[in-house]
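[1] mind looking at a prediction? Sequence and model below.
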Amino acid sequence: MEYHAHCHCKRVHFSFRSHEITSGKRCNCSLCVRRGAVLSSDYIPDADFTPHADESDLSVYLWNDKVMRHYFCKICGISTYGAVAGEDGKDRYRVNLGCVEGLDALALDITIVNGKALPLADEL
Ligand SMILES: [Zn+2]
């Protein structure tokens, strides 16, 4: 399926292809517990993901091992997606499902991840 998504103020747009989304993840690491978002269960490969065209609309937050790039809209502050290089060297993405058009993120089958207990919590 093709999914379209945007931040709250609609400045930042992105899209991706995925099997039908029926589940999501929430996490208790120090970042996710503050952000409160429902995240995609899986990483979306670079080939299936179209990021926002103008990176100057985004800020990026790096923490922990500074590998995952957590993007958010400069205007409305909404976290849109995170990008991290996979084993093939290409980026893969985890998205904030609350940004996805037509998807009720809180109605999904949600798994809580114990990110607080993981050594590299921002891998989530
Ligand atoms: Zn925005």
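    In hand now; what should we look at? From a predicted model like this one, the values you see are computed outputs, not experimental measurements.
[2] what about residue 106, how many residues close to it?
    Other residues lying near residue 106 total 11 when counted by other C-beta atoms under 10 Å. For the C-beta atoms, the positions are set from N, CA and C on the backbone; glycine is no exception.
[3] show me the contacts for it.
    By C-beta atoms under 8 Å, 6 or more residues apart in numbering, the residues touching residue 106 are residue 38.
[4] please apply the same query to residue 5.
    Listed by C-beta under 8 Å, 6+ apart, the contact set of residue 5 reads 13-16, 80, 95-96, 99-101.
[5] can you pull up the bridge partners for it?
    With DSSP bridges applied, the residues forming beta bridges to residue 5 are residue 14, residue 100.
[6] re the thing from before, which one of the contacts of residue 5 sits closest to the ion?
    residue 80 (8.0 Å; C-beta to the ion).
[7] for burial, what's the neighbour tally of that closest one?
    A total of 26 residues lie near residue 80 under the criterion other C-beta under 10 Å.
[8] pretty sure it contacts residue 14?
    Yes: the pair formed by residue 80 and residue 14 meets the contact definition of C-beta atoms under 8 Å, at 6.3 Å.
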